[in-house]
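Colleague: A predicted structure for the sequence below; I have some questions about it.
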Amino acid sequence: METRIKKIETQRRDGDASDITNTYLVTDNGKEFLITFRSYRHGRRLGIAGQEGFLYRDIDANCVRRQVVSIGPACGVSIANDDVVEGLSPCSIQGVLVAEQYDQATEVILRAEGPEGSEQISVSVVVDGKVIDLQCDL
């Protein structure tokens, strides 16, 4: 398994310095996704560019899900959709978070090491052409 993450765009919304959306090109085992990370005054969220909802890691099923919520009857919150994102690994979501921590990173590379199904992941962060290898449990 290899996942590559590159920041391709940064947008500030309405001139508000606290409302920033970074878009990442995530290549996960040959399949490409545009993942957005929005940081704003009231929180943060991950999503897929051009789609409603937010992404989260389902630890029990070891997958990534996209959930869309809406206002339901009697002003309650209703879950409109909660679908598995096929081909997007939970590790790739963690990789986007690593890219956010290393704002100057041009690329984050995740590689599985060890036997099939093991959780050992090698993380390399590329900053200005220099590779920083991290030890982390994803």
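Modeller: In hand now; what should we look at?

Colleague: use CA for all of it now, contacts and neighbours both
Modeller: Fine.

Colleague: okay, now the closest residue to Y40 other than its chain neighbours: neighbour count?
Modeller: Leaving aside its sequence neighbours, Y40 sits nearest to D19 (Cα to Cα, 6 or more residues apart in numbering; 4.1 Å). Neighbourhood size, D19 [other Cα atoms under 10 Å]: 17.

Colleague: list the contacts for D19?
Modeller: Residues in contact with D19, defined by Cα atoms under 8 Å, 6 or more residues apart in numbering, are 12-13, 38-41.

Colleague: tell me the SS of the residue most central in space within the chain?
Modeller: Closest residue to the average C-alpha location of the chain: I93 at 3.4 Å, with Cα atoms, centre = their mean. State at I93, reduced to three classes by DSSP: H, G, I helix; E, B strand; the rest coil: helix.

Colleague: where in the protein is pLDDT low?
Modeller: 112-121, 128, 134-138 (pLDDT under 70).

Colleague: and with 90 instead?
Modeller: 1-3, 12-18, 29-30, 40-42, 59, 62, 70-80, 90-95, 98-99, 101-138 (pLDDT under 90).

Colleague: how close does the residue nearest to Y40 sit to E2?
Modeller: In this structure, D19 and E2 are 31 Å apart, going by Cα to Cα, to the nearest Å.

Colleague: where does the residue lying farthest from the centre of the chain fall, phi/psi-wise?
Modeller: Relative to the mean C-alpha coordinate of the chain, counting by Cα atoms, centre = their mean, the farthest residue is A74 (33.1 Å). A74 has phi and psi values of phi 60, psi 30 when expressed as degrees, to the nearest 10.

Colleague: one more: R13?
Modeller: phi -90, psi 130.

Colleague: how far away is the nearest residue in space to it that is not next to it in sequence from E100?
Modeller: Distances taken as Cα to Cα, 6+ apart put D19 closest to R13, at 5.7 Å, once the chain neighbours are dropped. As judged by Cα to Cα, D19 and E100 stand 14 Å apart.

Colleague: beta partners of I48?
Modeller: I35 (DSSP bridges).

Colleague: that one contacts R38, correct?
Modeller: No - at 10.9 Å, I48 does not count as touching R38 under the criterion of Cα atoms under 8 Å.
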